[in-house]
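>>> Just the structure for this:
(one chain, ligands or ions: 1)
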Amino acid sequence: MDRIIIRGGKRLEGRVPISGAKNAALTLLPCAILTDQPLTLSNLPRLADVDGFGHLMNGLGISTSIAGAKRKGVVGRAMTLKAETIVSTTAPYDMVRKMRASILVLGPLLAREGEATVSLPGGCAIGNRPIDLHLKALEALGADIEMTAGYVRATAPGGRLSGGRIVFPIVSVGATENALMAAALARGESVIENAAREPEIADLCRCLVAMGAEIEGIGTERLIVQGKDSLHGADYRVMPDRIEAGSYACAAGITGGDLLLEGANADDMGAILSGLSEAGLQVTHEAGGIRVKADGPLRPLSLSTAPYPGFPTDMQAQFMAMLALANGTSVLTETIFENRYMHVPELARMGADIQVHGRTAIVKGVEKLTGAPVMATDLRASMSLILAGLAAEGTTEVLRVYHLDRGYERLEEKLSAVGADIERDGEG
Ligand code: EPZ
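Model prediction:
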């Protein structure tokens, strides 16, 4: 297994090209199921999860072709998907267990074919990740749902879903995405209340509209969808990745650096940018993106994760690494997932002083971190270890970097280009 080796202590300075958003790409890809015409997605990040999703789509009978050569320094690529005919409506366990976002084919398959059989995703490192809200949403659109042998089997009476009213008791990004894609082809009007408002949801809505869908209230918690008999193809550009941008902003903070996050969209990053400013970083909006510059010692924060527009749970681990070196004590509260502190014991091995009490982590700033061999456990935890390694004295080896490859395109290349001493070694 690969490992990443970092010799820390280098101040990062320069431009980091921000890739297309992983969490937008993973809900835009299944949109191709909703039409028999080609859907071309550009600015797709080169990530293991995007490749994995492409293979899942191939298994359903959807052709995928990549355009755009892999050139150093150039991020992203275009993929054209065509679901002329669906040859299978089953997403098998061995695909879904590796990538729980596979559950996002459930709504589109049900909408297009009137049936879908998708393996239950199971849990992951950060929590048990149920899908009850996805299933209730589809039932509100008329679907019959049964569970057999670890699979969800959904059918639409008469082969087509009917518009309905979906009221989410808690905000769920994935369930909102499945509901939107299903409602787009349902008969009649659907209303989705307490919908997730993450920018990736708005990106999905804009792509569906480009395909001929009719959606009101984009960006709000109340979405009204007029179902169509069919959708057509489109060319759509994936939004920039706000979490990747926020992660590299933390790299500037933790190394006392100065980075331009090329292509980042400040409109998607309100809570992240406020957190960075509160921690003492200079954040300025420039023509090419967002500039984040360290400006004196890091200041401690009190942060609580929340659904958008609150502080994103996907940024909690990265902020924790940065705040491990702040002048004072920070308090982080994780309200979304029940086990998203797997990075704490690894950061502690590098000298961080962090106490976890239930959902709350108390981070006492220390003078320095020391490089050590550490273990990645999930995607964002892995990034927090990379960040700590960039600032630590000595050498850090991050093992199990396949977690990182799921969400950060060309990480070593982007960090080396701004002065990090970082390399990947296949011996891990
Ligand atoms: C999406 O996951 C993201 N993944 C996650 O990013 C992100 O952390 C999460 O949204 C929250 O913003 C993708 O977009 C591929 P949820 P999702 O449904 O849709 C509970 C990363 O690092 N819940 O909004 O699975 C759930 O357990 C990943 O990029 C139910 O109870 O998240 C959680 O506590 C990690 N029942 C809360 O809701 C359900 O049916 C929010 O989950 C669904 C969710």
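>>> for the ligand, what are the nearby residues on this protein?
Proximity of the chain to the ligand is assessed by Cβ under 6 Å from any ligand atom, with 23, 26, 101, 127, 129-134, 170, 172-175, 196, 198, 313-314, 336-337, 379-380, 407 identified as the residues in range. Where C-beta positions appear, they are placed from N, C-alpha and C, glycine not excepted.
>>> Please produce a PyMOL select command covering the buried subset of those residues.
A single PyMOL command selects the buried members of the residues of the chain next to the ligand (16 or more other Cβ atoms under 10 Å):
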select buried, resi 23+26+101+129+131+133+134+172+173+174+175+196+198+313+314+336+337+379+380+407
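>>> distance of the closest residue in space to residue 199 that isn't next to it in sequence from residue 238?
For residue 199, the nearest residue in space outside its immediate sequence neighbours is residue 268; the separation is 4.1 Å by Cβ to Cβ, 6 or more residues apart in numbering. Residue 268 sits 12 Å away from residue 238 when distances are taken as Cβ to Cβ, to the nearest Å.
>>> Check residue 75 and give its pLDDT.
Per-residue confidence (pLDDT) for residue 75: 67.
>>> residues contacting the residue lying farthest from the centre of the chain?
Relative to the centre of the chain, and counting by Cα atoms, centre = their mean, the farthest-placed residue is residue 158 at 35.3 Å. When the contact criterion is Cβ atoms under 8 Å, 6 or more residues apart in numbering, the partners of residue 158 are residue 114.
>>> And residue 153, by the same measure?
115-117, 145-147.
>>> residue ranges of the helices in the stretch 101-250 of the chain, please?
Listed in chain order, the helices found in the stretch 101-250 of the chain under DSSP state H, counting those that start in this stretch are 106-113, 132-140, 173-183, 199-210, 242-254.
>>> For residue 280, which of those helices is the nearest?
Distance to residue 280, taken as Cβ to Cβ, is lowest for helix 242-254 among the helices of the stretch 101-250 of the chain, at 8.0 Å.
>>> Quick one: list the elements packing against the closest one.
Packing partners of helix 242-254 (3 or more Cβ pairs under 8 Å, 6 or more residues apart in numbering; DSSP states H and E): helix 22-28, strand 258-262, helix 270-278, strand 289-293, helix 316-323, helix 379-391.
>>> one more time with 6 Å, if that's ok
Under the contact criterion of 3 or more Cβ pairs under 6 Å, 6 or more residues apart in numbering; DSSP states H and E, the helices and strands touching helix 242-254 comprise strand 258-262, helix 316-323, helix 379-391.
>>> any chance of these in TSV, with mean pLDDT too?
Listed next are the helices and strands packed on helix 242-254 as TSV, based on pLDDT from 0 to 100:
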stretch	mean pLDDT
strand 258-262	98
helix 316-323	98
helix 379-391	97
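>>> among these, which is nearest residue 182?
Nearest of the helices and strands packed on helix 242-254 to residue 182, taken as Cβ to Cβ: helix 379-391 at 26.9 Å.
>>> I'd like to know which of the contacts of residue 153 are part of strands.
115-117, 145-147 (DSSP state E).
>>> Contact partners for residue 308?
197-198 (Cβ atoms under 6 Å, 6 or more residues apart in numbering).
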